[in-house]
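Trainee: Following is a predicted model, sequence given first.
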4 protein chains.
Amino acid sequence: MNMMRDDSLPRAFAQVRTRSLELAEGLSDEDCVAQSMPDASPMKWHLAHTTWFFETFILEPREANFAPFHPAFRVFFNSYYNGVGNKHPRAQRGLLTRPGMRVVRDYRANVDRRIADLLAGGIDESLATLIELGLQHEQQHQELMLTDVKHLLAQNPLYPAYATDAMAPSAPAEPLAWLDFEGGLAEAGYGGKGFCFDNELPRHRTYVAPFALASRLVTNGEYRAFIEAGGYRDPALWLAEGWDRVNSGEITQPLYWVEQADGWYEFTLHGLQPLDAERPVTHISMYEADAFARWSGARLPTEFEWEFAARQACLGSGPAHHPDAASGAGLQQMFGACWQWTSSSYAPYPGFAPAPGAIGEYNGKFMINQYVLRGSSCATPGGHARPSYRNFFPTGARWQFSGIRLAR
Amino acid sequence: MNMMRDDSLPRAFAQVRTRSLELAEGLSDEDCVAQSMPDASPMKWHLAHTTWFFETFILEPREANFAPFHPAFRVFFNSYYNGVGNKHPRAQRGLLTRPGMRVVRDYRANVDRRIADLLAGGIDESLATLIELGLQHEQQHQELMLTDVKHLLAQNPLYPAYATDAMAPSAPAEPLAWLDFEGGLAEAGYGGKGFCFDNELPRHRTYVAPFALASRLVTNGEYRAFIEAGGYRDPALWLAEGWDRVNSGEITQPLYWVEQADGWYEFTLHGLQPLDAERPVTHISMYEADAFARWSGARLPTEFEWEFAARQACLGSGPAHHPDAASGAGLQQMFGACWQWTSSSYAPYPGFAPAPGAIGEYNGKFMINQYVLRGSSCATPGGHARPSYRNFFPTGARWQFSGIRLAR
Amino acid sequence: MNMMRDDSLPRAFAQVRTRSLELAEGLSDEDCVAQSMPDASPMKWHLAHTTWFFETFILEPREANFAPFHPAFRVFFNSYYNGVGNKHPRAQRGLLTRPGMRVVRDYRANVDRRIADLLAGGIDESLATLIELGLQHEQQHQELMLTDVKHLLAQNPLYPAYATDAMAPSAPAEPLAWLDFEGGLAEAGYGGKGFCFDNELPRHRTYVAPFALASRLVTNGEYRAFIEAGGYRDPALWLAEGWDRVNSGEITQPLYWVEQADGWYEFTLHGLQPLDAERPVTHISMYEADAFARWSGARLPTEFEWEFAARQACLGSGPAHHPDAASGAGLQQMFGACWQWTSSSYAPYPGFAPAPGAIGEYNGKFMINQYVLRGSSCATPGGHARPSYRNFFPTGARWQFSGIRLAR
Amino acid sequence: MNMMRDDSLPRAFAQVRTRSLELAEGLSDEDCVAQSMPDASPMKWHLAHTTWFFETFILEPREANFAPFHPAFRVFFNSYYNGVGNKHPRAQRGLLTRPGMRVVRDYRANVDRRIADLLAGGIDESLATLIELGLQHEQQHQELMLTDVKHLLAQNPLYPAYATDAMAPSAPAEPLAWLDFEGGLAEAGYGGKGFCFDNELPRHRTYVAPFALASRLVTNGEYRAFIEAGGYRDPALWLAEGWDRVNSGEITQPLYWVEQADGWYEFTLHGLQPLDAERPVTHISMYEADAFARWSGARLPTEFEWEFAARQACLGSGPAHHPDAASGAGLQQMFGACWQWTSSSYAPYPGFAPAPGAIGEYNGKFMINQYVLRGSSCATPGGHARPSYRNFFPTGARWQFSGIRLAR
C-alpha cells in the first residue's frame, strides 16, 4: 500500500481499519478470544494491539492532554516493545477474557476518532510516516488474523470453516519450467519512493551468480509424490535438525494435511477439503521445503536471487482464503499464493540502522535464527507486496501460508 | 442432596440443572470458553460435560431410538471415561470455541427435556439411582465452576470480580480452642440410607487413638504470622517435596494473596480485597498446611479423626463466594468454609468395589498419589456435604477452597 | 543387624565397612563414577557418603580437635540433610570425577581408623546408638549400590555382568496357595529391644479386617501371561496415573525385560539371561503391581496386613544377585526375594516424632507421595530385615528389586 | 596441516594420533568417562570416535578380510552418520563405562597398526585424501577434547586444573586500532592446493562493501566495563532471543567467570585464576558478542569481511591452554587466541555439493540455525588454521574459546 501523502491518507486509514473488523465478521466472541499456541494470537488481541500501536506511537506523543483509553491496555496489548514498558505474557493472551470484544470495538472506535481528529488538524511528513507505518503494521496483522484463526479452527475436530463460500475447483497447474537468470553485480533492497520497512534498507550492492528459478510453486501433487517416495523416511534428504523433528514425530506431513480412509484432505479456511493436487503445497517448514528441493535435485533460492527475478514478476491477484493453482506464462506465483522459503538467514543489510526509540524494535532485534521468506500469500492484503519485502520466521514455523519455489 | 425417590426427583433435577446456568450469569461468552490451566475447565465445558453425563449414562441406554444431540459431543465432553471411548485432550478444552455457548444451552435444554420425558414415564430404582448420581455429579461440578472461573479471573491483571455484591465485613474469629476426643474402635464410612459416593463405602471398622482437634480453621492472621516468622524460609518445617517447591519459587504464599505497597490483599470472587485477618486462610497446598501445622506444634488430622469428630458438627451455612470467620461455640467450620487437608492418602476402603462398566471409573482409578480433604467449602452446593464425604486432590493443588484444621 | 552393645560393635563396624568395599570389587573406576539417572548414585558416591555420615554425625561432635578429611566433602557427600548445610546437586553426582576412587578409599580408611580410635576409648549408650544407625544406614546403601550399578550397566547395550558366576538354574516355583488371616485389633510397629528406624515407631494399635495372602510372590511366568492377555492395553486394569504412563510409552513391560527374536530375556546382575518363568517378577512399578493384582481378581495388601502375616514368616536366605523361585511350605518369600508393594502410603505412625537436629531428617520428611514396600530383597544385606521394616518409593520407581504379593 | 602426499603421510598420521593420547595424560580414567552436558563428549569417546572414523571410512572398504575390532563399537562411536547405521544416544555417552580406557587404548593401537600396514602397501590419491580427512577430523576433536574436559572440570566446585604449569602473567594488550579495508568484488573460499573442508568450497565471487576491523580482540577488561555499565540489564542492546536468555537467568556473564568477595575470577585449564584484564574475553555466546558490539557502537563482521582481512594476517602462535593478550602491530589475534563470532549464518557456498555417501554428512547437513566463527583458538592444533576455515556453532554455545572481533 503505497499511500499518497495528502487527502488520501485519512481514506486509507479508514479502509485499513475497517478491513480488520471485516476479518472478524462471522466469528463469535469465543472464536475471537481463544489462543491456540503461543505463536498465534487471538483475533481480539490483534484488533486491540493494532489500535494500541496508533495510540502509543501517534496519539500519546501528539495529542494534547493525552489520556489512554484504559491504562491497563498499555501493558495488555504491547507485543514486544521493551521501550514502552511491561508486556502481558505472550502465551497468556487467550486468558484475557476482559476486556471483551465489545470494549475492544469501543477502543478501536475511540482511537479511530482521535486519529481522524489529528489528521484533520494537518498532516506533516513525520505524522504521515507514522500513520503509514501503523497501517502497514495493521496489514501485517491482518494476514496473521487469518493464519491464527485458521490454526485455532484446525484444533477443533469439527473442522469448522472460516469462509462459508465454496472453494472453487482448480484448473490444472501450468507445467513447471526453468527460467534462467544471468546474475551479476546488482542492487538489492528497496529503491523506490514509497513506503518500505527498515529491514529492506539500505539498498546495497551484492553479487549473484547465474541461476535458474522454477516458473511456479511446487504443487500438492508433487509434494504427495515426495511423501509416497518415502521422503519423510530418508535421512539423506534432510538437514540434521529437520531429521530430528521428523524422528520425534513433530513433522510428518504438511501441517493441515489429514489422511482419511479415502485419501488426503487439507484443512483450509473453507473447512476440510479433498487435497487439490494442482494447488501449491503450503503450511510447510523450511526443513520440508529444503528436503523436497534436495529430493528433486534442486535447492531453495537465496533471497537475492528471488528478489532479482521478482522485479520482472506480476504482483499477483487480490487476497483469497487459499492459494490458487498456477496459471499464465513466465514467472508465476511470485506473489499472492504462498510465501517462499529462501536459504537466506534474516540478517541486517550492510549499514542497517533501526529507528531511534521503541519503534526501532520493529525489525532489527529479530535478525537472528530466522530465515527469510519472499513474495506474499493469498492472505496478504492487496497492495502490501513488493519485490524487496522480507518476511521471516523460524525454520520450524508452519502456520503461515509458506510454500516452495525451487532454484538451481 | 438426599433426594426422596418419588415426585421430588423431577423437581430436584430441575433445580440442580437451573442452578448450573445461574452460575454462568454475569459471565460473557468469552469468560465461559477460556481455560486457565489444564486442571481447570471452562465454564462452558462444565455445562456441557454435566449434560453429557445424563445423555451418556441415562438417555443412551434407556431412550428408545436414542440419537445423540451431536455425535462429536460424545468425545468433546467426555472427561475421563475410557469405557465410553475417546476424549478431547484435557489441556485443550479452552480451544473448543465451537460449539458456542448458545449451542451448549440448546444441548442442555434438549437433554433436560428428554430426561423430563423419561422421568414422566415412571421412575424405577435403577433410574432414580442414576439420576441422583448425575445430580450429585453436577453439584460437584458446580463447585468447580466457581473455583475454575476464580482461577481464570485471577490471571487477569485487572482482577475482575465474579460476584458484584460487596464482601461483608467480618466479625472477629472465635479464639481457637482444643477439643478432645476419646477415639477407639469405631465405624467409618457412610452408614445412612441416602445417597453417597462409592468411595465412602463400605462402612468399616477402624481404630483411632485419642486425639484433639482445633475448634476452628486457621485464620489469615495466623497464617500471616507464620510467613512473618520466616515459615517459607525454614526447611525444617517442610516435607522434602514441599521444600523443593518452595525453593523453585512455585510456592511463596497462599495462591491468591497479593502483596502491595500498603499490605496484603487477597483475590476473591468479589475481586481484590484487603486481606481479612479473621477469615480462614484458603487456597493453600497440603505442603503449606503441613508446614503451618508443624510450625505451630500440631499436625493435620487423619481422615478418620476428622470424620469421627464431624459426626457431632453442624453441616454449616449455605453457599457463599468466600469463607466467613468462625463464630459460635464448639466445633466450628467443619462444613461450609474450607475443605480441610488430612494426612490420609486417598485409598480404597477395605472391600471397596467400583460399579461395573464405565460408571465405575468415577472414583476408584484416582486412588493414588492424592490426599483426602474433608468437610465442604463456601462453594459447595447446599445439601451436598456430609461427615463421610471424601474430597481428594494432589498435594500441590491450591485452586480449591482448601484450608487448615489442626490436630494433635 | 541387631548388634550387641559391647565388644561386638567394633567387629560389626569393620564387617559392614569392609562389605561396602567388596561390593565395588570387579568394577573399574569408570564404573564407579558414572550416574545413570538422578535417582541412582555412583558407587563412589555411596562409598563416600556412608563415610561422610560417620564423619559428620559421630566424629565431628565427639572428636577432640576435629578436622574434616577434606572441607569440600562436607558438601560433596551430603545427600539431603539441610541441617548440615549445602548439598551437591543430586543429578550431578556423576560429574565428580575428583576426588577419584583412590582418594575415596583413603577417606574411608581415614574415617575407619578414627572411628576405631573412638570406639577403643569406650562406648557409651549414645555412641553405640549412632554407630548402629550409621551401620544400618550403610547397609541400606549397600542395597542401593547393587540396584544403582545394575541400572548403570543396563544402559550399556553390551549388557555387561556385575557378577561373573553363572546364574543357577531354577527349580519350579511352588504352586500359589491362599493363606487366611483372622485380623482384628493388634499392635503394629517395632516392639523389640534391638535397633529399628524411627519410622517403625511408635508401636501402636490398629484394626485389620480378616484377609488372605498369597503364599508366594507372582512369578515371571504369571506376569508374562498378563502381558500376553493384553494387560498393558486395557485401561480398566489400571489406576488413571498408571494408564497415563502406559500410554506415554514410559511403562511397557518390567524394567529389565528385553524382547528378542527368540523370546523374552531379563537383564540381571549376571548379565542378560533368558527369562526364567519360575522366578518372581521384579523391577516393576506400583502401577504394574496394582494392575496385575486387579487382572488376577486380587489386590495388594496393606502394610499392616503384610506385617501381621510376616510375624510368622522366616527371615529368608542370605543375599544374592537375583531372587530365587519360591520353595518350601507356608508363607514364602516374605524376605530375601523382592520388596513387596503395599497399598499403604508412607505416613507417620500416630505419635511419630523424628529425632532432634539434622539426623531427624532421616525419614519423616519423605512421608508424602510415596508408598510402602515391605519385606526385603535378594540385595538386602543379611540381618537387615524384620517384619516391621518400612521401605518406601514413589509409585513409578522400578529400579529396586520390587515384586508382587497378592492379597484378597 | 597441509600434508605432503608421500612418505610424510605415515609420519603425520603417527604424530596426530599420538597427540590425542597426550591430551589425555594427567587425566584419570574417571575424568575420561564423564560427560558434563549433551553438547560435550567424554575424552574416552573422542579417543574412540576418531579411531572409529579411520576404521569405518578407510579400513572397512580397503582392508581385505576386514573385521571390526568390536562389532558394538560401530554403534557406540558413531557420532552422527546416519549412512553408517545406528548411533548411541548422544546424551548418554557418559554412561559407557565399558569399554574402559584400557580397551580404547587397545582399539587405537589396533587401528593404528592396521592403518600403518595399509599405508605401507602404497598410498594412492584417494587413500591419501581419506587419511588427510581423518587426521583433520581428529585435530578438530583435539580442540573439543580440551573444551569438553574444561567444561567437565568446571562443574567441580574444587575447580581442578587440567594443566599443572602456572599461567604466565600477561603483558598489557596493545591499544585497539581500527584498520580500514576497501572491499569490492572478490573471491571467497579456499583457493589453494592443500587440504580444505567441503564447506570452504567452491571458491566463489562475492561483493563486500568497504569496512573497518578492530586490530585485536575485545579484552576481559573491556568486557567487564560493559557489565559494570549495566550491559546485561538494558534490553536495547540485545537481540530479542538473547534478551530472553538474559531474563531467564541463562546468561549473566561469560561462562567461566566467577565473582568472589575479592573480585572476578576466571576458570581456566590452569584452574581458577584472577581475571586478567588484558587477555581477550572468551567463552561467550553470539548474543553477548552482538550486545557488546552494539554497546560499543560497532558490530560483528561478516564472515567474508573477516576472510578478506585475514589473508594478510599471521597464522599465530602455537597452541596453548588459554589465549594470550594481544601484542605486535597491525591485525592481531586473527588466529590462535579465540574463535571470532561473525554475523553470517552457516550456509552453503553457491554450488556447494557434499561428497557422496556417508562421508558427505560431514558438514552440509548442519548448515542451518548456526553461525560462523572464523580464525582459530589457543586450543586449535598447530597447522590447522587458515583464512577460509569455517567453524560454526549455535548462537548460545559458550564452551568453545569464542571471542569478539569488532567491525564497523
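Mentor: Cool, got the structure.

Trainee: Residue numbers of chain A in contact with chain B?
Mentor: Listed as neighbours of chain B in chain A under the rule CB under 8 Å from any CB of the partner chain: A:28-34, A:36, A:44, A:72, A:75-76, A:88, A:92, A:94-98, A:100-101, A:152-153, A:155-158, A:160. For the C-beta atoms, the positions are set from N, CA and C on the backbone; glycine is no exception.

Trainee: Are any of the residues you listed buried, and if so which?
Mentor: Listed as buried from those are A:28-34, A:36, A:44, A:72, A:76, A:88, A:94-98, A:100-101, A:152-153, A:155-156, A:160; burial here means 16 or more other CB atoms under 10 Å in any protein chain shown.

Trainee: just checking, residue A:19 touches residue A:381?
Mentor: Yes - with contact defined as CB atoms under 8 Å, residue A:19 reaches residue A:381; the gap is 6.9 Å.

Trainee: As a quick check, tell me the outermost residue of chain A.
Mentor: What lies farthest from the middle of chain A is residue A:65; by CA atoms, centre = their mean that is 36.5 Å.

Trainee: pLDDT score for it?
Mentor: The per-residue pLDDT reported for residue A:65 equals 94.

Trainee: Identify the residue nearest the spatially most central residue of chain A in space, chain neighbours excluded?
Mentor: Nearest to the mean C-alpha position of chain A, by CA atoms, centre = their mean, lies residue A:143 at 5.6 Å. Excluding its sequence neighbours, the residue lying closest to residue A:143 (CB to CB, 6 or more residues apart in numbering or on different chains) is residue A:379, at 4.7 Å.

Trainee: Check which helix or strand residue A:227 maps to.
Mentor: helix A:220-228 (DSSP states H and E).

Trainee: Any idea how far that helix is from the middle of the chain?
Mentor: A distance of 25 Å separates the centroid of the chain from that of helix A:220-228, by CA atoms, centre = their mean, to the nearest Å.

Trainee: export it as CSV, just CAs?
Mentor: What follows is helix A:220-228 as a C-alpha-only set of coordinates in CSV (Å, rounded to 0.1, in the frame of the first residue of the first chain):
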residue,chain,number,x,y,z
ASN,A,220,0.3,-30.6,-3.7
GLY,A,221,0.5,-33.4,-6.2
GLU,A,222,4.3,-33.1,-6.5
TYR,A,223,4.6,-33.0,-2.7
ARG,A,224,2.4,-36.0,-2.3
ALA,A,225,4.8,-37.8,-4.7
PHE,A,226,7.7,-36.9,-2.4
ILE,A,227,5.8,-38.4,0.6
GLU,A,228,4.9,-41.5,-1.4
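
Trainee: what's the following helix or strand after that helix?
Mentor: helix A:240-247.

Trainee: Please point out which parts of that following helix sit buried.
Mentor: Within helix A:240-247, the residues that count as buried by 16+ other CB under 10 Å are A:240-243, A:245-246.

Trainee: So residue A:373: helix, strand or coil?
Mentor: strand (DSSP: H, G, I helix; E, B strand; the rest coil).

Trainee: That one pairs with what?
Mentor: When assigned by DSSP bridges, residue A:373 has beta-bridge partners residue A:341, residue A:391.

Trainee: what sits against the residue nearest to the centre of chain A?
Mentor: A:377, A:379-381, A:384, A:400 (CB atoms under 8 Å, 6 or more residues apart in numbering or on different chains).

Trainee: mind listing the strands for the stretch 301-408 of chain A?
Mentor: A:339-345, A:371-374, A:391-393, A:402-403 (DSSP state E, counting those that start in this stretch).

Trainee: for the residue of chain A at minimum distance from chain C, phi and psi?
Mentor: Nearest residue of chain A to chain C, counting by CB to the nearest CB: residue A:249, 11.4 Å away. Main-chain torsions, residue A:249, degrees, to the nearest 10: phi 80, psi 10.

Trainee: where are the low-confidence patches of the stretch 201-350 of chain A?
Mentor: Scanning the stretch 201-350 of chain A for pLDDT under 70 picks out nothing.

Trainee: related to what we said a few turns ago, for the buried residues of helix A:240-247, which one is nearest chain B?
Mentor: Distances from chain B to the buried residues of helix A:240-247, taken by CB to the nearest CB, are shortest for residue A:245, at 20.9 Å.

Trainee: Excluding chain neighbours, what is closest to that closest one?
Mentor: Per CB to CB, 6+ apart, closest to residue A:245 is residue A:251, 4.6 Å.

Trainee: On the three-state scheme, the one you found is what?
Mentor: Under three-state DSSP, residue A:251 comes out as coil.

Trainee: distance of residue A:294 from chain D?
Mentor: Taking CB to the nearest CB, to the nearest Å as the measure, residue A:294 falls 10 Å from chain D.

Trainee: So for that residue, what's the nearest residue that isn't a sequence neighbour?
Mentor: Residue A:294's closest residue in space is residue A:237 (CB to CB, 6+ apart), at 5.1 Å.

Trainee: List the residues that contact the one you found.
Mentor: A:231, A:291, A:294-295.

Trainee: Residue A:71: how many residues sit nearby?
Mentor: Other residues lying near residue A:71 total 9 when counted by other CB atoms under 10 Å in any protein chain shown.

Trainee: Just to be sure, it is in a helix?
Mentor: No - Residue A:71: not assigned to a helix; according to three-state DSSP it is coil.

Trainee: now the contacts of residue A:143 in CSV, with pLDDT and neighbour count?
Mentor: Converted to CSV, the contacts of residue A:143 look like this (pLDDT from 0 to 100; neighbours: other CB atoms under 10 Å in any protein chain shown):
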residue, pLDDT, neighbour count
A:377, 97, 28
A:379, 97, 24
A:380, 97, 25
A:381, 96, 24
A:384, 94, 21
A:400, 98, 25
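
Trainee: if I look at the residue nearest to residue A:143, how far off is residue A:142?
Mentor: 8 Å (CB to CB, to the nearest Å).

Trainee: Please apply the same query to residue A:260.
Mentor: For residue A:260, the distance to residue A:142 - CB to CB - is 32 Å.

Trainee: What distance do you get for the residue farthest from the centre of chain A to residue A:304?
Mentor: 49 Å.

Trainee: Equivalent analysis for residue A:43, please.
Mentor: Relative to residue A:304, and taking CB to CB, residue A:43 is found at 36 Å.

Trainee: got it, and residue A:393?
Mentor: Distance, residue A:393 to residue A:304, using CB to CB: 19 Å.

Trainee: just residue A:255 next, same as before
Mentor: Going from residue A:255 to residue A:304 by CB to CB gives 28 Å.

Trainee: Then residue A:244?
Mentor: Distance from residue A:244 to residue A:304, by CB to CB: 29 Å.

Trainee: same question, residue A:236
Mentor: Taking CB to CB, one finds residue A:236 at 28 Å from residue A:304.

Trainee: and if you look at residue A:107?
Mentor: 42 Å.

Trainee: Just the element for residue A:212, please.
Mentor: Going by DSSP H and E, residue A:212 is part of strand A:211-214.

Trainee: what packs against that strand?
Mentor: strand A:178-181, helix A:303-310 (3 or more CB pairs under 8 Å, 6 or more residues apart in numbering or on different chains; DSSP states H and E).

Trainee: circling back: who's in contact with the residue nearest to residue A:245?
Mentor: A:232, A:242, A:245, A:285, A:287-288, A:396.
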